[in-house]
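**Student:** return a 3D structure for these sequence lines:
(one chain, ligands or ions: 2)
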Amino acid sequence: MSTSRRRTLAVGLIGPGRVGSALLTQLRAAQTRLATAGLELKVCGVAASKRMWLDCDDPDLNYRCDRAQIWRPTDLAQFAEHVLGQDRHALLIDCSANDDVASHYAEWLAMGVHVVTPNKLAGSGSLQRWEAIRAACCEGVRFRYEATVCAGLPVVQTLRDLLDTGDELLAVDGMFSGTLAWLCNRFDGSQPFSALVREAHELGYTEPDPRDDLSGMDVARKLVILAREAGWALSLGEVEVQSLVPPSLAALSAEDFMQYMDELDSPMAGLLARARAEGGVLRHVASLDRHGKARVQLAILPASHPFAHTRLTDNVVQFTTRRYHDNPLLVQGPGAGPDVTAAGVFGDLLRIAESLEVRA
Ligand SMILES: NC(=O)c1ccc[n+]([C@@H]2O[C@H](COP(=O)([O-])OP(=O)(O)OC[C@H]3O[C@@H](n4cnc5c(N)ncnc54)[C@H](O)[C@@H]3O)[C@@H](O)[C@H]2O)c1
Ligand SMILES: N[C@@H](CCO)C(=O)O
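**Tutor:** Ligands and ions are numbered 1, 2, ... in the order given. Down below sits the predicted model:
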């Protein structure tokens, strides 16, 4: 970005949790470098579930939401108006996992505010809402959601580029859960499965409620997002999902689930023993075929299978397309965690910034 092409972007962050806080840290660290390169980022508000702060005069305080000067009850309409009022280029970043926040995207886009999010609920929610969001992206107003699929890995953009250059998606398959990848890699019987789930939660790999990962729903959402990117009208209810969460745990509150999840230990120990007896490994896999049939399951794979050699939170996404037919295109790497996810969101912000008109 050259200094002769200066532009300013007013940014409001919704959801200063694990990913949102990591993003604020990354933005702060990059601010001087970006300003030198011609992009002035004005982070002018942070909204959490109950309270928000709006711009204050001290730029340092703008980044430290815990010590903000002016806290007030969260009001997303007021928040969006405030960010929009700071500059002619405004961006809202939704780092919550909240459906109500996702319900505002179409309205914000229609107001001329760009939206970026790692929240999967809009992309995998009702088709009608999804289409309204897409329809609201006109006249240079952008909606980007790269980090909804495999965190910071370039998955959505890779698919977009394939399609935009005339390729045709035939199938997607692979491992789409960083949490389940990490759990399958670490679960060797030396610790109870539930202890590893708690650790994955502390490391920031899981969804706010880890049952979203263990139930397979988080991966099902990613399949729906990719299918819709390819123009296929897939809905969440059409994905065949094998859940690891028994009905007794599914019925609990999120807090009680964290307390009672030891119930997972015995069935998971049984699955591990079965995998070992067959000379295989447990891997959480998913697929979407050319007929729109989508499936998510915990499988026993032979020890020689390429997925058996992945590490830590590695995700693998295999795109089979008309061009990449005999040898699918692979995207692989860490697929969960606050830092890599925040970087995926930051990348979307930079792509939007690149497309902005230069300041008059
Ligand atoms: N953690 C990861 O590795 C990862 C990877 C990819 C995508 N994501 C997605 O990123 C999002 C955030 O994940 P996280 O791990 O940071 O979760 P988190 O629970 O740590 O943070 C969520 C934040 O959202 C806020 N929030 C909830 N409801 C809100 C509302 N109505 N208005 C404003 N703020 C609200 C909460 O106060 C919290 O600060 C989720 O949508 C998740 O699916 C996470
Ligand atoms: N909880 C998700 C985060 C990335 O979407 C996972 O483990 O894959």
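**Student:** and after the helix or strand of the chain with the lowest mean pLDDT, which helix or strand comes next?
**Tutor:** Here the helix or strand of the chain ranked lowest by mean pLDDT, DSSP states H and E is helix 59-63, holding a mean of 54. Later in the chain than helix 59-63, the nearest helix or strand by DSSP states H and E is strand 71-73.
**Student:** is that following strand anywhere near ligand 1?
**Tutor:** No: counting by CB under 6 Å from any ligand atom, ligand 1 has no neighbours in strand 71-73; the shortest distance is 11.1 Å. To be clear about C-beta, it is placed using only N, CA and C from the backbone, and glycine gets the same treatment.
**Student:** what mean pLDDT would you report for that strand?
**Tutor:** Averaged over strand 71-73, pLDDT sits at 81.
**Student:** ok, residues contacting that strand?
**Tutor:** Applying CB atoms under 8 Å, 6 or more residues apart in numbering, the external contacts of strand 71-73 come out as 50-54.
**Student:** paired strands for it, with orientation please.
**Tutor:** Sheet partners assigned to strand 71-73 using DSSP bridges are listed as strand 51-54 (antiparallel).
**Student:** can I get the strand it pairs with as CSV, trimmed to CA atoms?
**Tutor:** Output of strand 51-54 as CSV, limited to C-alpha atoms (Å, rounded to 0.1, in the frame of the first residue of the first chain):
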residue,chain,number,x,y,z
ARG,A,51,-21.7,-3.3,27.8
MET,A,52,-19.9,-1.4,25.2
TRP,A,53,-17.5,1.6,25.0
LEU,A,54,-17.4,4.1,22.3
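**Student:** buried stuff in that strand?
**Tutor:** Neighbour-count burial for strand 51-54 flags 52-54 (criterion: 16 or more other CB atoms under 10 Å).
**Student:** partners of the one helix or strand residue 320 maps to in the sheet?
**Tutor:** Taking DSSP H and E as the definition, residue 320 sits inside strand 314-321. Paired strands of strand 314-321, with direction, are strand 169-175 (antiparallel), strand 329-334 (antiparallel) (DSSP bridges).
**Student:** look at the residue of the chain found nearest ligand 1 and report its pLDDT.
**Tutor:** Closest approach between the chain and ligand 1, counting by CB to the nearest ligand atom: residue 17, at 1.8 Å. Note on residue 17: pLDDT of 95.
**Student:** switch to numbering from 471
**Tutor:** OK, 471 is where the count begins now, so the last one is residue 487.
**Student:** so it touches residue 588, yeah?
**Tutor:** No: Residue 487 lies out of contact with residue 588 (CB atoms under 8 Å); the separation is 10.6 Å.
**Student:** what about the two, which has more around it?
**Tutor:** A direct count of neighbours by other CB atoms under 10 Å for residue 487 and residue 588 places residue 588 higher, at 25 against 15.
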